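Chemist: Curious how this folds, go ahead:
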Amino acid sequence: MSIPCALLAVALALQADGSFVSTKGGFEVKLPGKPVEQLKRVPSDLGEIDMHLYVVDKGSSAYFAAYNDFPDIIADAPVENVLNGAANGAIQSSKGKLLVQKDIRLGAIPGKEVEFSVQMGPGKSGTARSWIYLDKTRLYQVMVLGDPAIVTGKIGTDFLNSFKITRTDKGPAAAKPSNPINFVSKAGKFEVKLPGQPTEQTKKLPDGGGGEIDLHLYIVSQGNTAYLAGYQDCRPAIMLENPKDVLDRSANGGVNAVKGTPTARKAIKLGNIPGTEVTFTAKLPGGIESTGRIRVYLDKQRLYQVGVMSDTDLATSAAGNAFLNSFKIKRGD
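Modeler: Numbers count the residues shown, from 1 in each chain. Have a look, this model is predicted:
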């Protein structure tokens with residue numbers, strides 16, 4: 001069985017007794033060899049998640065340990081839903097068939113055991129057995145796959161039982177109220193009042209002409225609430241289109257990204273710059289109901305976005321209005 005790899009420099013060590021320690025991941029496990037590390041970007045309802053995998057491939061069997069961190073909002077989702085989602089994802093990604101599923105615990109940490117069939121090569125089937133734990137907002141997975149006699153026997157069971165969580169932190173702290181800061185993007189040429197210093201992200205989007213454009217986002221996440229502002233520069237041909245069509249398409253893209261349902265829409269302006277505002281509802285993992293509001297503006301070739309989303313009425317409240325109204329475009333060209 002061939003396992004592709006992407007090596008990363010992290011703090012990890014293989015002890016003399018075979019115990020592999022991931023300082024960054026906050027766990028240890030006994031592996032039958034030095035693991036290869038992989039980093040995979042996994043889709044989820046909260047966007048792409050970085051999954052850190054440590055793999056030992058023994059040919060007829062393979063041993064995995066992995067972890068990923070969810071955004072803080074997952075802490076309010078039912079644990080059962082998160083664990084079931086992870087278990088179903090593991091089965092679906094391997095195109096397997098569920099054989100056994102049951103609840104487990106690692107001390108006080110809830111978990112789920114799943115055993116399922118896997119294809120290990122042309123005409124060769126095997127079994128996978130995975131123990132999955134949710135520790136606050138961090139998901140751990142430890143798995144062995146191969147011949148059923150190994151997976152469900154002493155070798156597989158001893159491997160799974162050797163997994164220990166060693167992190168001592170208490171997970172993300174609750175968001176503390178703070179005075180808004182006046183965030184200025186020199187590159188984006190805009191400013192907005194945010195409840196904290198934002199995290200910057202750049203996403204590649206198709207430009208409609210066979211190429212790509214960069215969407216620059218600035219995000220502040222506080223518990224179940226997220227604030228964002230961003231911009232992107234479109235192809236010159238965008239100036240030949242009807243501005244309303246461009247604005248609607250961009251706003252719809254933002255709503256669709258969170259699998260939202262629009263509930264209201266209206267045309268707006270920022271000075272002489274045309275815009276569109278969309279209010280929407282969305283369901284986050286665990287069935288958490290959320291309401292959001294996004295405003296999109298088109299200034300020549302540049303599209304701006306500013307929005308807020310929360311499980312409260314913030315998006316449609318006076319505080320939500322104040323945030324959205326604080327957005328100002330500072331271009332002088």
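Chemist: Give the helix, strand or coil label for the residue nearest to Gly96 when sequence neighbours are not counted.
Modeler: Using CB to CB, 6 or more residues apart in numbering and skipping the chain neighbours, the partner closest in space to Gly96 is Phe116 (4.0 Å). In this view, the C-beta of every residue, glycine as well, is placed from N, C-alpha and C. Put simply, Phe116 is strand when judged by DSSP: H, G, I helix; E, B strand; the rest coil.
Chemist: per-residue pLDDT, Phe116?
Modeler: Note for Phe116: predicted pLDDT of 93.
Chemist: Show me what whichever strand or helix holds Ala322 is in contact with.
Modeler: Per DSSP states H and E, Ala322 falls inside helix 318-325. Here helix 318-325 makes contact (CB atoms under 8 Å, 6 or more residues apart in numbering) with Pro180, Val192, Lys193, Leu194, Tyr227, Glu277, Arg293, Arg295, Val306, Gly307, Val308, Leu314.
Chemist: Which of those residues fall in strands?
Modeler: Among those, the members found in strands (DSSP state E) are Val192, Lys193, Leu194, Tyr227, Glu277, Arg293, Arg295, Val306, Gly307, Val308.
Chemist: and the gap between the fifth one and Glu200?
Modeler: When distances are taken as CB to CB, to the nearest Å, Glu277 and Glu200 turn out to be 24 Å apart.
Chemist: Could you list the low-confidence segments of the stretch 151-300 of the chain?
Modeler: By pLDDT under 70, the low-scoring segments of the stretch 151-300 of the chain are 168-179, 207-210, 284-287.
Chemist: How about stretch 238-252, which residues are buried there?
Modeler: Ile238, Pro243, Val246, Leu247, Asp248, Ser250, Ala251, Asn252 (16 or more other CB atoms under 10 Å).
Chemist: And that stretch, how far out from the chain middle?
Modeler: In terms of CA atoms, centre = their mean, to the nearest Å, the centre of stretch 238-252 is found 28 Å from the chain centre.
Chemist: Dump it to CSV, keeping only the CA atoms.
Modeler: Extracted in CSV, the C-alpha atoms of stretch 238-252 (Å, rounded to 0.1, in the frame of the first residue of the first chain):
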residue,chain,number,x,y,z
ILE,A,238,-16.2,43.3,-15.2
MET,A,239,-16.7,47.1,-15.9
LEU,A,240,-18.8,46.1,-19.0
GLU,A,241,-21.3,44.1,-17.0
ASN,A,242,-24.4,45.4,-15.3
PRO,A,243,-23.3,46.3,-11.8
LYS,A,244,-26.4,44.8,-10.2
ASP,A,245,-25.6,41.4,-11.8
VAL,A,246,-22.0,41.6,-10.5
LEU,A,247,-23.1,42.5,-7.0
ASP,A,248,-25.8,39.9,-6.8
ARG,A,249,-23.4,37.2,-8.0
SER,A,250,-20.8,38.2,-5.5
ALA,A,251,-23.3,38.3,-2.6
ASN,A,252,-24.8,35.0,-3.6
